[in-house]
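Asker: Return a 3D structure for these sequence lines:
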Amino acid sequence: MHIRFAMLMLALPATPLAAQDGSRPAIERLAAVHAELVRVTAAHPDALWPGFRPDTIPVLYVVPDRGILLLGWGSGAAPAGFTPVADLAGAVWQPAALHTAASTGTSLGGRDVAQVFVFPDADEAQLFGTTAHEAFHVYERSVARDDRKFGSGENSFLVSTYPVFDAGNEAGWALEGRLLARALAAGTRAELAERTREFVAAREARHRALGSDFAEFETRAELNEGLAEYALVRSLALAADDPGFPWRADAEREVARHRARLDSLTSDVRQSLRLRFYATGPAMGLLLDRLSGPPWRAELVRQDLTLQEMLAVASGYRDPERALLGRAARAVDTASLGRAAREGVARLRGIRRAQADSVLAQSGLTILLRADSLPGARFGLCGIDPQNLLQVDSDVLLHTRWVRPCGPGLSAEFTTSAVQDRRAGTFAAVVAPADSVRVTAGGRTVALQEGAPETLADLRLAGPGVVLQAARAVVRRRGSTLEIVPVAEQ
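Answerer: Below you'll find the predicted structure:
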């Protein structure tokens, strides 16, 4: 499971010999599990996911009431508090009286690591699979980008409002689980494609009734937890087929158990609905393996698709839509429409940039708000006029009439045109001449003179087109520009 990386904080003394507290058997067992994961996946490069290499990802194994074993750290000094385990290369140990912990991604010594909680009843195959799952989360985060879905996770807070008492939605879930199981059991490719299309149709129908926010939550959760669980199932399947894997029967049992979960997606009401994606995600991945082969994994990332969208394409579910679009394109001169649209967009960019430039080229005092010292180096928006807001480009907005920037300890209002640069974290507006703008700090008038920056408390600014209050801000006059950098209170 992975929601966010969290720092594991321990302040316990290390002992020079891990075996002294009776933990040696557990350490050797976990080291053997980790070594097998490294060996099996190295023997099948990119078999789980292109670029995913468990041998490069450190793993923390939390042994309840015993301590924490760190494996795969590599060269360099072990993190503070960890002691090398005698006669076990690459293993370091820290005693800790932890009764429970999450299997998740965490951070140690400035590095992202996988964390696995060692349940007392977990066998080696289960630990093997869980390690693959959590290591995949670390990999996901390492390649995540703001502009694509893979690795970005889902909005887990929606679990608190998800319609779990909607009988129609629950029935739809149960149907989808059975349709996925039915597709996985298909004997021919034609049968596989037909049954996959049935699943996609059922899923899309349920999502139309469910609503876009919850539908996106589901598809993102399948990319997040579902693909990590796919890595788990795929690693266990590889292990079960490996003659040298010491726990083959257990690995086969785990693979079968995961597939069997599809028949009971809604039956275990004691657990969070989020666990459903641990079953649907890997099932959808395994269907794609059969429909498209390994290339689908890189294609999903490249095209920024969800598993559901990939299945719709791979199964031929989208073929009628493509045929209709092809006919429409042949009936209309789409090439000329495309050229006209590109020319129109180019003109629009020029017009909008000229509008923004003309606003800032007016005579008067330019008020420049900078978010350098605010969280995330950006302002919030406490009020906009959507009828009078124009996009200049992807990061620049022109508020032609009214906008209220805000932030910790800051409240501002422009009743004139203002240019917002989201990347730079600035607002700029030209107001009346400087002598018509009054600035006070703690009730004392501040002269707007050229000079070094000055930090002011209880800053208030008022003039035609602008009102601003800041609990604390750095103010500097540069010619006809007054720079104001609000400082968030500690």
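
Asker: just checking, what packs against the top strand by length along the chain?
Answerer: Longest strand in the chain, counting residues (DSSP state E): strand 466-478. With contacts taken as 3 or more CB pairs under 8 Å, 6 or more residues apart in numbering; DSSP states H and E, strand 466-478 sits against strand 365-370, strand 410-414, strand 454-463, strand 481-486. Every C-beta, even on glycine, is put in place using the N, C-alpha and C of the backbone.

Asker: outside of the helix or strand just after the shortest one, which residues touch it?
Answerer: Looking back up the chat, that one is strand 410-414. On the C-terminal side of strand 410-414, the closest following helix or strand by DSSP states H and E is strand 418-421. With contact meaning CB atoms under 8 Å, 6 or more residues apart in numbering, strand 418-421 is reached by 356, 359-360, 379, 392, 395-399, 403, 405, 426-429.

Asker: ok, these vs Ala144, which is closest?
Answerer: Asp395 (20.3 Å; CB to CB).

Asker: What's the end-to-end length of stretch 263-271?
Answerer: From its first residue to its last, stretch 263-271 covers 16 Å (CA to CA, to the nearest Å).

Asker: Report the buried residues of it.
Answerer: 265-266 (16 or more other CB atoms under 10 Å).

Asker: for the record, mean pLDDT for it?
Answerer: For stretch 263-271, mean pLDDT is 82.

Asker: Contacts for it, please.
Answerer: 170, 173-174, 176-178, 181, 275-276, 279-280.

Asker: can you redo the residues you listed as CSV with neighbour count, secondary structure and distance to Ala239?
Answerer: Shown next, in CSV, are those (neighbours: other CB atoms under 10 Å; DSSP: H, G, I helix; E, B strand; the rest coil; distance: CB to CB, whole Å):
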residue, neighbour count, secondary structure, distance to Ala239
Glu170, 16, helix, 35
Trp173, 21, helix, 30
Ala174, 16, helix, 31
Glu176, 22, helix, 28
Gly177, 22, helix, 25
Arg178, 16, helix, 28
Ala181, 19, helix, 23
Leu275, 15, helix, 23
Arg276, 23, helix, 25
Ala279, 25, helix, 20
Thr280, 26, helix, 23
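
Asker: okay, who's weakest in those residues by pLDDT?
Answerer: Leu275 (91).

Asker: residue contacts, the most centrally placed residue in the chain?
Answerer: The residue lying closest to the centre of the chain (CA atoms, centre = their mean) is Ser152, at 1.8 Å. Neighbouring residues of Ser152 by CB under 8 Å, 6+ apart: 144-146, 220, 224.

Asker: which of those has the most neighbours?
Answerer: Tallying neighbours with other CB atoms under 10 Å puts Asn224 at the head of the contacts of Ser152, with 25 neighbours.

Asker: from memory that residue sits against Asn155, does it?
Answerer: No. If you go by CB atoms under 8 Å, Asn224 and Asn155 don't touch, sitting 10.5 Å apart.

Asker: mind listing the strands for the stretch 1-150 of the chain?
Answerer: 6-7, 59-63, 67-71, 83-84, 92-95, 104-108, 111-117 (DSSP state E, counting those that start in this stretch).

Asker: helices or strands up against the fourth one?
Answerer: When you say that, I think you mean strand 83-84. Strand 83-84 packs on strand 92-95, going by 3+ CB pairs under 8 Å, 6+ apart.

Asker: Averaged pLDDT, the strand it packs on. What do you get?
Answerer: For strand 92-95, the per-residue pLDDT averages 93.

Asker: and it, which strands flank it?
Answerer: strand 67-71 (antiparallel), strand 83-84 (antiparallel) (DSSP bridges).

Asker: where exactly do the helices run in the stretch 301-450 of the chain?
Answerer: 307-314, 319-331, 334-360 (DSSP state H, counting those that start in this stretch).

Asker: most tightly surrounded among these?
Answerer: Comparing the helices of the stretch 301-450 of the chain by mean neighbour count (mean count of other CB atoms under 10 Å), helix 307-314 comes out on top with a mean of 21.

Asker: right, and the helices of the stretch 301-450 of the chain - which one's nearest Val92?
Answerer: Using CB to CB, the nearest of these to Val92 is helix 307-314, at 37.5 Å.

Asker: list the helices and strands the closest one packs on?
Answerer: helix 189-210, helix 212-221, helix 277-292, helix 295-303.
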